[in-house]
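> Generate coordinates for the sequence data below:
(one chain, ligands or ions: 1)
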Amino acid sequence: MKNNISLYKRVLTKDQLVNKVRAEFKQKYGNEPKNITLTPGRINIIGEHTDYNDGLAMPAAIDRWICAAICKSSSASLTIYSLNYNESAEISYHIKDNFQEIWKQLATAAINVIKAEFGIEEGAKMTIGGNIPIGCGLSSSSAFVISITQTICHFFSIQMKDMQLAHLCQKIENLALGTAVGCLDQYGIILSKKNNLLVIDFYDNSIKYISGILNKCSWIVVNSQVQRELSESAYIQRVNECKEGLEILQKKFNISTFRDIDLPMLQALIIRHNVLYKRLCHVIGENGRVMKMQIQLEEGNKKQVGQILQESHKSLKTLYEVSCKEIDYTIKLSENFDGWYGGRIIGGGFGGCSIHLLAHQVVEDYRGYITSRYSKKYKMIPDILPVTFPGGLQYL
Ligand code: GLA
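Numbers count the residues shown, from 1 in each chain. A predicted model of the protein is given here:
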């Protein structure tokens, strides 16, 4: 989604956001909402571009939210007002509208899927607003889809298991945006638990939880302000390259899934399919890093945690080729900063955010250090946000 800065420039706290969404609801519709939901954004500590390859990842929901308020209406449609875009849309259960705006396309896809899956045709009125930076690798689009879908389903008493909701929302997003995203964002948002990171194995969808808190450390997100659009980016190309690499190896070796591939097998790609070789090398290496990261986090070894983040960035930059010069520069600057343990680009890539592990006491100095140097070089002010892990959806 294109960034609309009306809310995001003066970042609202969670409570301010809820109050604003509630007040706007009253003003627009003349009554109090019946339900209010909060859907978080997410970061991913490690395990990038592994979800659509049966791999491993380690996401967590963060304290940035999309807030939605809802009540019933008598029409056969959803009336929705977005605070971020300062616009309304009327989405009919029966008439197909071709909206230009992505947020309306996402909302329409959600309504169509909810109707097809659960036969819902009851009208509702909603207001929705968020303080998740939009289009920056913090899953604002996924949170938006989950927010609409779950706010409606919860309101109309449709019970769903978390996994079912995650897969439904993945389907909605891919339908609306023409992407082929995996389930990292949906699992990270829906299945999160307070102060924990998820360790997801996408091969069998099994999930473990480990603590995301490291003594005297902070997790920091740096928003490069470089906009990225998953649908327009080379994301789909990466998905296809991985598929092609796997198919070639399946013909040469007795393997069926990505998880059967080991590093020596990749030699078969190195000469004639060098690009595919690099992509698969990243995925296999990244899975290994998720396993290593789990051990280092459990043992509280900050230096090793930072080291693994740096290895991941290098791999995303040189093998998977999804970084950008601005984020590479941020990492390079950080390497000379005392108290910085490590960092890497997160999400789909090609811009957006990076995640960093820092000693608590240097966070404010780091903010000044990065902001002055980065803005001098790129004439953009990076947004530096410490993140905590509040757990998944909340119902007020
Ligand atoms: C985007 C997608 C996710 C995942 C990441 C890369 O965020 O939505 O499914 O593939 O990129 O790890």
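> Spatially central residue for this structure, please.
By Cα atoms, centre = their mean, the chain has its centre lying nearest to Ser139, at 2.9 Å.
> List the contacts of that residue.
41-42, 132, 185, 188-189, 347 (Cβ atoms under 8 Å, 6 or more residues apart in numbering). Every C-beta, even on glycine, is put in place using the N, C-alpha and C of the backbone.
> next one: Met293
Shown here is Met293, whose contacts under the criterion Cβ under 8 Å, 6+ apart are 45-46, 58, 305, 308.
> three-state assignment of it?
What DSSP: H, G, I helix; E, B strand; the rest coil gives for Met293 is helix.
> again, but for Tyr277
helix.
> can you count the residues close to the closest residue to Leu269 other than its chain neighbours?
Closest residue to Leu269 apart from its sequence neighbours, by Cβ to Cβ, 6 or more residues apart in numbering: Tyr277 at 3.9 Å. Residues lying near Tyr277 (other Cβ atoms under 10 Å) number 19.
> Can whatever helix or strand Ser354 lives in be said to contact the ligand?
Applying DSSP states H and E as the criterion places Ser354 in strand 353-359. No: judged by Cβ under 6 Å from any ligand atom, strand 353-359 stays clear of the ligand, getting no closer than 10.6 Å.
> Quick one: residues contacting Ile308.
Listed by Cβ under 8 Å, 6+ apart, the contact partners of Ile308 are 46, 289, 292-293, 296, 342.
> actually Lys252, not the one I wrote
So Lys252 contacts 265, 268 (Cβ under 8 Å, 6+ apart).
> Please report how far it lies from Thr13.
Computed with Cβ to Cβ, to the nearest Å, the distance linking Lys252 and Thr13 is 55 Å.
> again, but for Cys281
Cys281 is 43 Å from Thr13, where distance means Cβ to Cβ.
> Counting neighbours, go ahead and name the busier of these two.
For Cys281 versus Thr13, the count of surrounding residues by other Cβ under 10 Å is larger for Cys281: 19 against 11.
> Quick check: chain neighbours aside, which residue is closest to the more buried one?
Leu319 (5.2 Å).
> Count the residues that sit near that neighbour.
Neighbours of Leu319 under the rule other Cβ under 10 Å: 18.
> From what I see, it and His282 are in contact.
Yes: using Cβ atoms under 8 Å, Leu319 is in contact with His282, at 4.0 Å.
> okay, and the common contacts of those two?
Here Leu319 and His282 have no joint contacts, going by Cβ under 8 Å, 6+ apart.
> got the contact list for the closest residue to the residue nearest to the centre of the chain other than its chain neighbours?
Nearest non-adjacent residue to Ser139, counting by Cβ to Cβ, 6+ apart: Asp185, 4.1 Å away. Applying Cβ under 8 Å, 6+ apart to Asp185 gives the contacts 42, 59, 139, 142-143, 170.
> same question, Gly352
Counted by Cβ under 8 Å, 6+ apart, Gly352 has contacts 135-138, 223-224, 226-228, 327, 345-346.
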